[in-house]
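Participant: I'd like to go over a predicted model; first the sequence, then the structure.
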Amino acid sequence: MSRTNLSLMMLVFALLLGFGTPTARATTTYIVGTCKPGTQFTKIQLALDATPAPTVVEVCPGSYPEQITISKPVTLEGVAAGNSSFATVVVPPGGLTNNTTLSGGQPAAAQILVQKAGGAVNLTNLVVDETNGSADYPIGIIYKNTPGTMNHMVVFNVSGSIAGFGIILEGGSGDPKVTIENSTISDDQLGILVQGMSAGSLTTVIDSNLVNSGINGIQVTSPNTTTTINGNVITGFTQTAIILEATEGTVTNNTITGQGSTTQTAIELSYDGMSIESNKIYNVGDGITATATEIMNSQITDNVFTTLSAEGITLACSYAAPSSKVHSNTFVDVSIAYVVKPGFSISGSTFIGVQAESINCPI
């Protein structure tokens, strides 16, 4: 065989191998600011809208007065430079403008709007500061029908004339999964709102965050949501730390600390299905209040209640709740441990400094 024919065969073979190998998407990285070399932009939105579309946008430390919209898959991350590591999105000089709607149709103003991106949007190491953001319904970050992860985020001072939301997660036809982890959500009227939508589902993981909210901490609503709330510290709330209006998921290993107010509730269980296990609840009025018509699938077990001014666990007389689902809880310095229907077994629980281990409902 001639050298020419051999070279031709080797070329054809190499081309065939190339056609059989998937081509990885090239990484396009843009820089916002001047802290790193590369293609630089002065605004976050300009980098997100650039062509070709970025896969990564790195934001230098500084203050960025913007409302941001993300509609393509991307990783948006703050980077450290020198002695600073805070890339902060603040309210623009003209204030916030309505750029989205709540599930009920109300116009709302989101600082970071993530919607229908068709792939994962990941936010890392960013601060969202809505100080002086005047709107009826302001939102720090909202994910609409988009998967992704928020990690090491700070969202604070979200307060509206009607209601303010630190983070909202909405489902949709894409059946997205969204994770919030290692983040701080502070001084917002409602910390985190999880909402399924009728056309599709939503899976969420809320893990290892500090939620220091103004009114309510975390609220999960039906339909079609599966939520894991694990390892969070929830404090600062004036009404309820966790509101569960969904049927699938778990609430485990959280620490909830109140202000000693009789009007405070640590966890409100409104639907049967979500389980509440191994949480530590301190210094509130009511520990866990179940308003569901029955508790046949939810577990309320291995929780610890300390220094409660009212009731530990309340199950009203109209509830069907077998003792096999509600047991092995610990009560320390609690006025009333259980409020239950006559005949409900409280065996397996531990009572220390409790005035009444159980009383019959209604009270």
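Facilitator: Arrived safely, thanks for sending. On a predicted model such as this, the values are computed, not experimentally measured, just so you know.

Participant: all helices of the protein, in order?
Facilitator: For the chain, the helices defined by DSSP state H occupy 3-20, 44-48.

Participant: distance of the residue nearest to Phe331 when sequence neighbours are not counted from Ser134?
Facilitator: Computed as CB to CB, 6 or more residues apart in numbering, the closest residue to Phe331 that is not its neighbour in sequence is Ala337, at 4.2 Å. Every C-beta, even on glycine, is put in place using the N, C-alpha and C of the backbone. Going from Ala337 to Ser134 by CB to CB, to the nearest Å gives 46 Å.

Participant: of these two, who's got more company?
Facilitator: Between Ala337 and Ser134, counting by other CB atoms under 10 Å, Ala337 is the more crowded of the two (26 against 13).

Participant: from memory that one sits against Ile346, does it?
Facilitator: Yes: contact criterion CB atoms under 8 Å: Ala337 and Ile346 qualify, at 7.2 Å.

Participant: just to revisit the earlier point, ranked by average pLDDT, which of the helices of the chain falls at the bottom?
Facilitator: Per-stretch mean pLDDT for the helices of the chain is lowest at helix 3-20 (a mean of 39).

Participant: Might you report the residue contacts of the residue nearest to Phe331?
Facilitator: With contact set as CB atoms under 8 Å, 6 or more residues apart in numbering, Ala337 has these partners: 305, 311-313, 329, 331, 346, 349, 351, 354, 356-358.

Participant: Tell me which two of the residues you listed sit farthest apart.
Facilitator: Using CB to CB, the two most remote members of these are Asn329 and Ala356, lying 14.7 Å apart.

Participant: Endpoint to endpoint, stretch 168-185 covers what distance?
Facilitator: End-to-end distance for stretch 168-185: 12 Å, by CA to CA, to the nearest Å.

Participant: Then stretch 235-250?
Facilitator: End-to-end for stretch 235-250, by CA to CA: 19 Å.

Participant: tell me which residues of that stretch are tucked away?
Facilitator: Across stretch 235-250, burial judged by 16 or more other CB atoms under 10 Å covers 235-237, 239-250.

Participant: closest to Val127 among these?
Facilitator: Using CB to CB, Gly236 comes nearest to Val127 of those, at 18.2 Å.

Participant: Got phi/psi on the closest one?
Facilitator: Per-residue torsions, Gly236: phi 80, psi -10 (degrees, to the nearest 10).

Participant: heads up, I number from 479, so please use that
Facilitator: From this message on, residue numbering opens at 479, which makes the last subject Gly714.

Participant: need the contact list for it.
Facilitator: Going by CB under 8 Å, 6+ apart, Gly714 touches Ser664, Asp665, Val689, Asn690, Ser691, Gly692, Gly695.

Participant: Pull the most distant pair out of these.
Facilitator: Greatest spatial distance among the contacts of Gly714 (CB to CB): Asp665 and Gly695, at 12.1 Å.

Participant: Tell me which of those two has more neighbours.
Facilitator: Taking other CB under 10 Å, Asp665 and Gly695 do not tie; Gly695 has more neighbours (31 against 19).

Participant: On the strand side of things, show who Ile645 bridges to.
Facilitator: Assessed by DSSP bridges, Ile645 has beta-bridge partners Ile619, Ile670.

Participant: end to end, how far does stretch 821-834 reach?
Facilitator: Using CA to CA, first and last residues of stretch 821-834 are 16 Å apart.
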